[in-house]
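Engineer: Please find the sequence and the predicted model below.
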2 protein chains.
Amino acid sequence: MTERTPRKDAVRNRAALLAAADTLFADDGSGEAVTMADVATAAGVGKASLFRAFGDRTGLIRALYEARLEPVRDAVESGPPPLGPGTPAPERVFALLDTLLCFKLDNRHLVLALEDTGSDSPYRAEHYGHWHALLESTLRQIPGLPDPAFTAHALLAATRADLVEHLAGHEGVPRETLRAHLATFTARVLNGPVV
Amino acid sequence: MTERTPRKDAVRNRAALLAAADTLFADDGSGEAVTMADVATAAGVGKASLFRAFGDRTGLIRALYEARLEPVRDAVESGPPPLGPGTPAPERVFALLDTLLCFKLDNRHLVLALEDTGSDSPYRAEHYGHWHALLESTLRQIPGLPDPAFTAHALLAATRADLVEHLAGHEGVPRETLRAHLATFTARVLNGPVV
DNA sequence: TTACGAAGCGGACCCCGGGTCCGTATCGTT
DNA sequence: AACGATACGGACCCGGGGTCCGCTTCGTAA
């Protein structure tokens, strides 16, 4: 067993750090101005503990992100229709994209913070690969739809966090309008030209 | 007149800096590791001259970018069909997106470098606004196409530099395949569902 | 309860890169 | 030739990510 039981104080500190980071990122709006030292201080903990717990800045943000994403992931992998498996392909595509859009609307600060860690392209992150693979395989079940891999990328691109932030945050497009637009757009892609 | 004639050496240095930066960014691949000091040194110039000439890192990259973009811009604003004005709307949409895709393929390093200055969302940059406005107004001329503003954003999102880089660079998708996929995708969006 | 190794702590410290300051050199004009 | 204005350059500053190491706390074993 390579498993080590972590000490109590370590667990407590980790929780405190996550909570503090969550608050700070949410307050700041996009987390660009939140510094690692800030997080440590807000949690009442030394910087080294922060880095020991999460490795680096990206690790911290990723941890927050995964925590928020987990329920969504569960709903997709084993939940009821229209999100879960066993849903007819087209409906599931709509549901997936809508869910993703809502998630990004609700967690703008986190997703933005994650993207501009700048460490690596968002396309290299494993969660992108996960979403893409799922969407692609779902698209593949729709007859007559060409280039499912590219189509999946293009549809996902329409829900990019900074685009969502720009539309919802900067241009003030209401949530429901955005969802409707995305659904309409998706419908055109799925139904495609008649020929 | 607020116009000042710049001194000869200033002009020469500016040119040397641009050339050096261009080379360095191209060599590095995505320009993340290129430091301002590197650029200055490669140009045989002091750091201060670099910052005096371009303001800051973003200014330098933007200058390179604009230089490359200028011919494209001209072709769009006053060139012959299918890019220039006077082209039927649908063909022009294809031409615009294809041109943009090719531009990003040819200038990946620059566009990536520009995006990850991280200073501000790419959607705030005026060149994005320019492309979006043009695409939107062209889409608006196509009857039956809903939400032209959102559609323009979504189509442009499919040509995002990091996506292009991921597909062309990391996954090795050939240039022509990518262009074909984008064209097919665009066609489905434009032609839309029959109902 | 004590004792003692190991796991964890924290803040001083390092490093690196963007951006600035100011004494000096060059330009170009009269 | 001479003298302001303009530009030069490298030493310098600063802020933030990440690390080091002497000290503390935990948990276990006697």
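Structural biologist: That came through fine. Nothing here was measured: the structure is a model prediction, and the numbers come from that model.
Engineer: got a list of contacts for the worst-scoring helix or strand of chain A on mean pLDDT?
Structural biologist: The least trusted helix or strand in chain A, going by mean pLDDT, DSSP states H and E, turns out to be helix A:108-115, with a mean of 87. Applying Cβ atoms under 8 Å, 6 or more residues apart in numbering or on different chains, the external contacts of helix A:108-115 come out as A:25-26, A:28-32, A:34, A:58, A:61-62, A:64-65, A:68, A:104, A:122, A:125, A:161-162, A:164-165, A:168-169. No exception for glycine: its C-beta is placed from N, CA and C like everyone else's.
Engineer: next one: it to chain centre, how far?
Structural biologist: For helix A:108-115, the separation from the chain centroid amounts to 8 Å (computed by Cα atoms, centre = their mean, to the nearest Å).
Engineer: Same check on stretch A:114-125?
Structural biologist: For stretch A:114-125, the gap between its own C-alpha mean and the chain's C-alpha mean amounts to 12 Å (Cα atoms, centre = their mean).
Engineer: got the buried residues for it?
Structural biologist: Within stretch A:114-125, the residues that count as buried by 16 or more other Cβ atoms under 10 Å in any protein chain shown are A:114, A:115, A:116, A:117, A:121, A:122, A:123, A:125.
Engineer: ok, is it in contact with DNA strand C or not?
Structural biologist: No - counting by Cβ under 7 Å from any atom of the strand, DNA strand C is not contacted by stretch A:114-125; separation bottoms out at 11.7 Å.
Engineer: how about that stretch, does it reach DNA strand D?
Structural biologist: No - in this structure, stretch A:114-125 remains apart from DNA strand D according to Cβ under 7 Å from any atom of the strand; the gap is never smaller than 7.6 Å.
Engineer: How is chain A divided into domains?
Structural biologist: The record's domain parsing of chain A by automatic domain parsing lists A:1-55, A:64-191.
Engineer: Between the two ends of the longest one, what distance do you get?
Structural biologist: Okay, so that is domain A:64-191. Distance between the two ends of domain A:64-191: 37 Å, counting by Cα to Cα, to the nearest Å.
Engineer: ok, now which ones touch the residue nearest to residue A:160 when sequence neighbours are not counted?
Structural biologist: In this structure, residue A:160 finds its nearest non-sequential neighbour in residue B:157, 5.9 Å apart by Cβ to Cβ, 6 or more residues apart in numbering or on different chains. Taking Cβ under 8 Å, 6+ apart as the contact definition, residue B:157 lies against A:154, A:157, A:158, A:160, A:163, B:163.
Engineer: What score does residue B:157 have for pLDDT?
Structural biologist: The predicted local confidence for residue B:157 comes out at a pLDDT of 98.
Engineer: the helices in chain A, which residues?
Structural biologist: For chain A, the helices defined by DSSP state H occupy A:8-28, A:36-42, A:47-54, A:57-78, A:89-106, A:108-115, A:126-140, A:148-157, A:161-164, A:175-191.
Engineer: For the ones you listed, which has the smallest mean pLDDT value?
Structural biologist: Looking at the helices of chain A, the weakest mean confidence is helix A:108-115, a mean of 87.
Engineer: tilt between that one and helix A:57-78?
Structural biologist: Taking axes from the mean of the first three to the mean of the last three Cα atoms, to 10 degrees, helix A:108-115 and helix A:57-78 form an angle of 120 degrees between their directions.
Engineer: Next, the angle from helix A:108-115 to helix A:8-28.
Structural biologist: With the same axes, to 10 degrees defining the directions, helix A:108-115 sits at 110 degrees from helix A:8-28.
Engineer: How about helix A:108-115, which residues are buried there?
Structural biologist: Of the residues in helix A:108-115, those scored as buried under the neighbour-count criterion (16+ other Cβ under 10 Å) are A:108, A:109, A:110, A:111, A:112, A:113, A:114, A:115.
Engineer: swap in stretch A:50-66?
Structural biologist: Neighbour count says stretch A:50-66 has A:50, A:53, A:54, A:57, A:58, A:60, A:61, A:62, A:63, A:64, A:65 buried, by 16+ other Cβ under 10 Å.
Engineer: residues in contact with the third one?
Structural biologist: Residues in contact with residue A:54, defined by Cβ under 8 Å, 6+ apart, are A:17, A:60, A:63.
Engineer: Closest one to residue B:77 out of those, please.
Structural biologist: residue A:60 (46.0 Å; Cβ to Cβ).
Engineer: wouldn't the closest one be in contact with residue A:38 here?
Structural biologist: No - counting by Cβ atoms under 8 Å, residue A:38 is not a contact partner of residue A:60; they are 11.6 Å apart.
Engineer: what pLDDT does residue A:119 get?
Structural biologist: At residue A:119, the pLDDT value in this model is 65.
Engineer: Can you give me the distance of residue A:23 to residue A:105?
Structural biologist: As for residue A:23, its distance to residue A:105 is 19 Å (criterion: Cβ to Cβ, to the nearest Å).
Engineer: more crowded one of those two?
Structural biologist: residue A:105 (19 against 14; other Cβ atoms under 10 Å in any protein chain shown).
Engineer: Assess the claim that residue A:179 and residue A:100 are in contact.
Structural biologist: No - under the criterion of Cβ under 8 Å, residue A:179 is not in contact with residue A:100, lying 10.9 Å apart.
Engineer: Give me the more crowded residue out of these two.
Structural biologist: Here residue A:179 and residue A:100 are compared on neighbour count by other Cβ under 10 Å; more neighbours surround residue A:100, at 20 against 15.
Engineer: All good on my end, thank you.
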